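S.K.: Below: sequence and its predicted model.
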Amino acid sequence: MKKHLVAIASAILVSFAPPAAFAAPAAAPALDPAVVAATREMLAAMKMRKVMAASLRQAEQQMPFQMQASLLGAIDGDTRMSAEEKAEARARVKESLPRLVEEMRTLFSDPTLADDMMAEMVPLYAGTYTLGEVRQLSTFYASPLGQKMLANMPKLMQQTMEISNRVMMPRIQKIMADAQGVAGQP
């Protein structure tokens, strides 16, 4: 069962993350302190903590369904399991799902999560945009259109995730089933 969880989690992470996300971080170039300060102001104008919190709440709400669908899909797609083995595996999923969901809720409600993400985002933005660009972005996000975009972002992200899941999960499940067949694992 743990193999299935790890395989599913890994497949989902790999599917949505660029390959560079798993590489060792390169030595960061020195960042202009003015750009760093402006980036922090921009993220505040973007209400990034609020956006992250809303996104995490939505992910938390979707997670039980996604986890169950992924785990059951992997079981159903495993052609080497007998009907009895699949029934037993489904029962184990249903038994362990509340604990797994609670672990995810704990993760998503960790107050340090947003701090850690923000700490990583500041150098990302500060290293990508110039001081002038950061100021322009801040102006945009403070504008009525920017605020509308930010207000709609959690809903758009949720709908985008639903589309991604609907389109990608059958493909991921097929790849996982094929990989299990090649590896000779149940």
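M.R.: Sure, I can see it.
S.K.: Could you tell me which helix of this structure is the longest one?
M.R.: helix 144-183 (DSSP state H).
S.K.: Now do the buried residues in that one.
M.R.: Of the residues in helix 144-183, 146, 150, 153-154, 158, 161, 165, 169, 172-173, 176-177, 180 count as buried by neighbour count, 16 or more other C-beta atoms under 10 Å. The way it works is simple: take the backbone N, C-alpha and C, and place the C-beta from them, glycine included.
S.K.: Name the residues of stretch 94-108 that are buried.
M.R.: For stretch 94-108, by 16+ other C-beta under 10 Å, it's 100-101, 104, 108.
S.K.: Dump those residues to CSV, plus secondary structure, pLDDT and distance to residue 114.
M.R.: Formatted as CSV, those follow (DSSP: H, G, I helix; E, B strand; the rest coil; pLDDT from 0 to 100; distance: C-beta to C-beta, whole Å):
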residue, secondary structure, pLDDT, distance to residue 114
100, helix, 86, 22
101, helix, 85, 21
104, helix, 85, 16
108, helix, 83, 10
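S.K.: Any regions of this structure where pLDDT drops low?
M.R.: Across the chain, the ranges flagged by pLDDT under 70 are 1-28, 180-186.
S.K.: Now do the contacts for the closest residue to residue 170 other than its chain neighbours.
M.R.: Closest residue in space to residue 170, ignoring its immediate chain neighbours: residue 73 at 7.9 Å, by C-beta to C-beta, 6 or more residues apart in numbering. By C-beta atoms under 8 Å, 6 or more residues apart in numbering, the contact list for residue 73 reads 169-170, 173.
S.K.: so where do the helices sit in the chain?
M.R.: According to DSSP H, the chain carries its helices in the segments 2-16, 33-45, 48-77, 83-109, 111-128, 131-142, 144-183.
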